[in-house]
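Visitor: Take this sequence and fold it.
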Amino acid sequence: MAAATSCAKGERDLAIGEDGALRAIPPSFGKTYLHIEGLETSSPVIAFKAGNTTNSLPPCATRIVGSHSIDHISASGSWDHDARSFPHFVRVNLYEDYGDERFDYAARIEIIFDLKTTGLFDIKRFVKLPNSQWERMEELNFPRDCNPLMGRPNQSFKPTSLRDAA
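Guide: The predicted model follows:
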């Protein structure tokens with residue numbers, strides 16, 4: 001799914017407000033928020049809220065994501081394409097060892113959420129190739145009993161409130 005969404009019509013960068021709000025998303029999706037905290041602790045929180053639904057990544061997944069030193073976070077999204085091909089989405093990138101230039105980072109973790117349901121599409125890690133803008137995908141090694149993509153039929157975990165996720 002990540003490859004398909006990389007070519008999505010109208011994918012645009014999203015500014016993340018101090019409160020986590022993603023204000024550029026149309027009001028028809030409801031207020032949208034990204035809640036990320038404690039990435040360098042043993043129990044980080046990563047949650048996405050759209051309208052009245054929130055999806056929090058399970059602790060078994062966030063512990064692996066948070067085990068990396070995250071220096072920069074960015075978000076982008078697309079909602080102008082035909083949702084029958086693939087749903088409207090928000091992509092979150094958590095960069096490791098982020099530098100001063102756009103492509104100056106060691107690796108990034110990409111998390112893609114369904115904008116309508118907050119379901120999780122994909123979570124992957126990409127490592128930058130030396131002296132290049134190219135990356136190679138690296139699987140995140142979740143514990144055997146942890147598969148963040150297989151929680152429910154729509155591949156999301158049971159929504160919780162942001163308050164419960166904190």
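Visitor: Could you report the separation of the residue nearest in space to the middle of the chain from residue 119?
Guide: In the chain, the centroid-proximal residue (Cα atoms, centre = their mean) is residue 111; its distance is 2.8 Å. Residue 111 sits 12 Å away from residue 119, going by Cβ to Cβ, to the nearest Å. Glycine gets a C-beta too; all of them are placed from N, C-alpha and C.
Visitor: thinking again about what came up before, right, and the residue nearest to the centre of the chain touches residue 57 too?
Guide: Yes - using Cβ atoms under 8 Å, residue 111 is in contact with residue 57, at 7.5 Å.
Visitor: shared neighbours, the two?
Guide: 46, 65, 120, 123 (Cβ atoms under 8 Å, 6 or more residues apart in numbering).
Visitor: Quick check: bridge partners of the third one?
Guide: When bridges are called by DSSP bridges, residue 120 pairs up with residue 113.
Visitor: shouldn't it be in contact with residue 113?
Guide: Yes - Residue 120 is within contact range of residue 113, at 6.1 Å (criterion: Cβ under 8 Å).
Visitor: These two - which one has more neighbours?
Guide: residue 113 (30 against 26; other Cβ atoms under 10 Å).
Visitor: give the contact list for that one.
Guide: Neighbours of residue 113 in contact, by Cβ under 8 Å, 6+ apart: 48, 50, 55, 89-92, 119-121.
Visitor: who touches the helix ranked longest in the chain?
Guide: When the chain is scanned for its longest helix (criterion: DSSP state H), the result is helix 59-65. Residues outside helix 59-65 that contact it (Cβ under 8 Å, 6+ apart): 39, 42-46, 57, 94, 109, 111, 123, 140-143, 145-146, 148.
Visitor: what are the ranges of the helices in this structure?
Guide: Going by DSSP H, the chain shows helices at 2-5, 59-65, 162-165.
Visitor: List the buried residues in the longest one.
Guide: Counting neighbours by 16 or more other Cβ atoms under 10 Å, one finds that the buried residues in helix 59-65 are 61-65.
Visitor: Let's have those residues in TSV, adding pLDDT and distance to residue 74.
Guide: TSV is the format used below for the buried residues of helix 59-65 (pLDDT from 0 to 100; distance: Cβ to Cβ, whole Å):
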residue	pLDDT	distance to residue 74
61	87	20
62	88	18
63	84	22
64	83	20
65	82	15
